[in-house]
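**Student:** Let me see the structure of the following:
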Amino acid sequence: MRLRPYQKKDFEVICKWIKEDRAHALWCANLTPYPLEKKSFEELLAQGEDRFGDSAFVASTEEGCVVGFLCFSVNLSTNEGMFKFVMVDDSRRNKGYGSEMLKLAVKYAFEIAKADAVQLNVFAENPGAKKCYEKVGFQERAFTEGAFPYKEEVWGRCNMVMMRSDRYAESIEE
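**Tutor:** Have a look, this model is predicted:
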């Protein structure tokens, strides 16, 4: 697997991964409308780049098939990286693609961006994603009850972090 910068042509693949409203909300907290459309997706990416310095990446197989997506930025005042909008092709979930993509992203964050830590947020109602993040080495740092209203539900949000440490080295080598 390789991690490379997102290209606008990648949208044609990515937009097919989210097939229903709830999955969309779990992915982006409705920061862009459902169904995912190219214009609103590109506006979301541009806003993240302008406000936070986000860079969008895709993970692809050695054959060039796009299998994952995420955004990354570093808060220069805290030197902490942030992963956002982490997504894997729904037909490839539970096959190790998400873990492999995140390991590459963590390696990039620590070795290239020189972050001291990386964090991400995940809704409690997305236990599969949380399990994937824990497998890579993220640990729960904080939990916010009632962080996001979705239809008749109210979801809690878990902030997870990985520090640059021996644990990082172990998780990347596995």
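**Student:** So which residue is dead centre in the chain?
**Tutor:** V86 (2.1 Å; C-alpha atoms, centre = their mean).
**Student:** Could I have the CA atoms of the top helix by length along the chain written out in CSV?
**Tutor:** Ranked by residue count under DSSP state H, the longest helix found in the chain is helix 38-52. Taking Å, rounded to 0.1, in the frame of the first residue of the first chain, the C-alpha atoms of helix 38-52 are listed here in CSV:
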residue,chain,number,x,y,z
LYS,A,38,-17.9,16.7,-5.9
LYS,A,39,-18.5,20.4,-5.4
SER,A,40,-19.4,20.2,-1.7
PHE,A,41,-16.5,17.7,-1.1
GLU,A,42,-14.0,20.0,-2.7
GLU,A,43,-15.4,22.9,-0.7
LEU,A,44,-15.0,20.9,2.5
LEU,A,45,-11.3,20.1,1.5
ALA,A,46,-10.6,23.7,0.6
GLN,A,47,-12.1,24.9,4.0
GLY,A,48,-9.9,22.5,5.9
GLU,A,49,-6.9,23.5,4.0
ASP,A,50,-7.6,27.2,4.5
ARG,A,51,-8.5,27.0,8.2
PHE,A,52,-6.2,24.2,9.5
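**Student:** Could you check how far G53 is from Q47?
**Tutor:** Distance, G53 to Q47, by C-beta to C-beta, to the nearest Å: 12 Å. In short, each C-beta sits where N, CA and C put it, glycine included.
**Student:** swap in F110?
**Tutor:** Where Q47 is concerned, F110 sits at a distance of 26 Å (C-beta to C-beta).
**Student:** out of those two, which sits in the busier spot?
**Tutor:** Just comparing F110 and Q47: by other C-beta atoms under 10 Å the higher neighbour count belongs to F110, 21 against 13.
**Student:** and L3, what does it touch?
**Tutor:** 57-59, 101, 104-105, 108 (C-beta atoms under 8 Å, 6 or more residues apart in numbering).
**Student:** before we move on, what SS does S73 have?
**Tutor:** strand (DSSP: H, G, I helix; E, B strand; the rest coil).
**Student:** Kindly apply the preceding question to G64 instead.
**Tutor:** On the three-state scheme (three-state DSSP), G64 is labelled coil.
**Student:** Quick check: pLDDT value at it.
**Tutor:** In this prediction, G64 carries a pLDDT score of 95.
**Student:** Likewise for E170?
**Tutor:** 54.
**Student:** my read: V58 touches C65, true?
**Tutor:** No: in this structure, V58 is not within contact of C65 by C-beta atoms under 8 Å, at 10.1 Å.
**Student:** higher neighbour count, those two?
**Tutor:** V58 (20 against 12).
**Student:** Next up, phi/psi of the more buried one, please.
**Tutor:** Here is the backbone geometry of V58 (degrees, to the nearest 10): phi -120, psi 150.
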